[in-house]
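A.B. asks: everything below, folded, please.
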Amino acid sequence: MLIIGVLVFSVLVGWLSAQGKSSGGRARSVPTSLPVQAKRYFFARSERALYDLLIQTLAGSPYQVFPNVRLNDLFLIKEKGTAHQATLGRLRDKHVDFVIVDAGQDFRPIVAIELDGASHEAAAQKYRDQVKDVIFRSGGLPLLRLKTSDTHSVASLKVLLAPYVGQQRPARAR
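C.D. replies: Here you go, the predicted structure:
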């Protein structure tokens, strides 16, 4: 009886190993393909134009611009439990168009920029924008909103960004 028990156990362990058992207890398989296609364009035209101007504006400085940054990558949630989950729901699947970081200070985020087009006039989008404003205000990271209908230049961006990327940077904490 003991020999049969050991034999059955060995066969069962071998079979489970062959099934690629996951840590959740279920066998999982990796699909061979998914219904996705690479986007033809990463930026909308207005985003590309602003990105190019930001690159020119920040040239020669320790500041760099990153496009399409997820809010989960910018903010830490301070609460635990249900408050954590509720806040995570507010951050999930949201991004900001651009983040300017200080590369001389471990890529510390300095200011974010949201480019608002005509779609931002819709009620649902206005609500999402207000929630995003609260997130940035609560997290202590400035958010600039620029309209796609406005004309921007390197000179105008230097004026807009001056309060955030001025010549004097705070001393780095050690």
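
A.B. asks: show me where this protein has its strands.
C.D. replies: Remark: strands assigned in the chain by DSSP state E are 63-70, 95-102, 108-116, 143-147.

A.B. asks: okay, buried residues for stretch 86-96 please.
C.D. replies: T87, R90, L91, H95, V96 (16 or more other CB atoms under 10 Å). Using the backbone N, CA and C atoms, a C-beta is placed for each residue, glycine as well.

A.B. asks: OK, contacts around the residue nearest to the third one when sequence neighbours are not counted?
C.D. replies: Leaving aside its sequence neighbours, L91 sits nearest to L71 (CB to CB, 6 or more residues apart in numbering; 4.4 Å). L71 is in contact with L91, K94, H95, V96, K132, I135, counting by CB atoms under 8 Å, 6 or more residues apart in numbering.

A.B. asks: how much space between the third one and S149?
C.D. replies: Right, the one you point to is H95. According to CB to CB, to the nearest Å, H95 stands 22 Å off from S149.

A.B. asks: hang on, F98 packs against Y63?
C.D. replies: No: between F98 and Y63 there is no contact under CB atoms under 8 Å: 11.4 Å.

A.B. asks: circling back: most tightly surrounded among the strands of the chain?
C.D. replies: Each of these was scored by mean neighbour count; the highest is strand 95-102, a mean of 21, by mean count of other CB atoms under 10 Å.

A.B. asks: which strands and helices lie in contact with that one?
C.D. replies: Here strand 95-102 touches helix 45-58, strand 63-70, strand 108-116, going by 3 or more CB pairs under 8 Å, 6 or more residues apart in numbering; DSSP states H and E.
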